[in-house]
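>>> 3D, please:
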Amino acid sequence: METTGASVVITNHVLSDRITEYEAWLNEIGPICRRSEGLIDWQIIRPVKDLTFTYTVIIRYDSEANLRKWIESDERKRLIEKARPFLRKGDHYVIHSGLDFLFSPEDDSTTSPVRWKQVLITWSAIFPLVLLIPLLILPALRACGIPPSHYFDNLLVSGVICSLMVYVVMPPYTRLLRKWLYR
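Next comes the predicted model:
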């Protein structure tokens with residue numbers, strides 16, 4: 001049975017004098033990747049200018065099979081070869097099923113924590129957000145004159161909660177609980 005959803009986290013350490021070329025390459029590979037079967041989302045986390053040179057690309061697919069089809073495609077292999085001169089360490093990626101990428105250790109030698117620990121950590125992070133975010137967003141919407149709408153309100157609240165979970169809450173939270181998670 002295939003797990004629903006899969007993500008790949010790609011890290012590219014770009015040579016400092018080749019960033020412009022790498023950005024142009026991203027503009028070439030991005031649209032091609034976005035046309036691949038099962039793609040859900042593509043995000044680029046760019047380095048801090050003049051401080052770091054690592055780009056992180058997170059690509060989410062509806063299934064691991066579709067993700068692997070893209071990663072192993074001849075088209076992607078050709079484009080990766082084209083980018084090799086821009087990269088210090090080559091193309092490094094890790095594939096995760098479901099929400100495993102939220103629990104990815106910095107050290108690739110460690111596997112993801114057991115599922116029940118992932119559930120407890122995720123639940124404990126989501127619960128306060130589910131209580132607080134509607135209390136903040138819904139009054140702001142009404143103050144802006146946006147009428148109540150069950151579907152729109154929930155769409156917005158859930159989008160804010162998911163974004164906070166992925167970008168703000170889970171990275172430091174999993175670092176804080178790392179010893180327990182990976183025990």
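>>> could you pull out the helices in the protein for me?
19-34, 64-71, 74-83, 115-143, 150-163, 170-176, 178-181 (DSSP state H).
>>> and the contacts of stretch 128-148?
For stretch 128-148, the surrounding residues in contact (C-beta atoms under 8 Å, 6 or more residues apart in numbering) are F152, D153, L156, V157, V160, I161, L164, M165, V169. Any C-beta I mention is one placed from the backbone N, CA and C, and that applies to glycine too.
>>> hmm, I was thinking of stretch 11-31
So stretch 11-31 is in contact with 42, 44, 47, 53-57, 76, 79, 82-83, 85-89, 91-93, going by C-beta under 8 Å, 6+ apart.
>>> out of the residues you listed, which are buried?
W42, P47, F53, Y55, V57, R76, L79, A83, F86, L87, D91 (16 or more other C-beta atoms under 10 Å).
>>> could you check the pLDDT of the fifth one?
What that stands for is V57. Listed pLDDT for V57 reads 87.
>>> wait, doesn't it sit right on W42?
Yes: here V57 lies in contact with W42, judged by C-beta atoms under 8 Å, at a distance of 7.2 Å.
>>> lowest-confidence helix or strand of the chain?
Least confident helix or strand of the chain, by mean pLDDT, DSSP states H and E, is strand 92-97 with a mean of 74.
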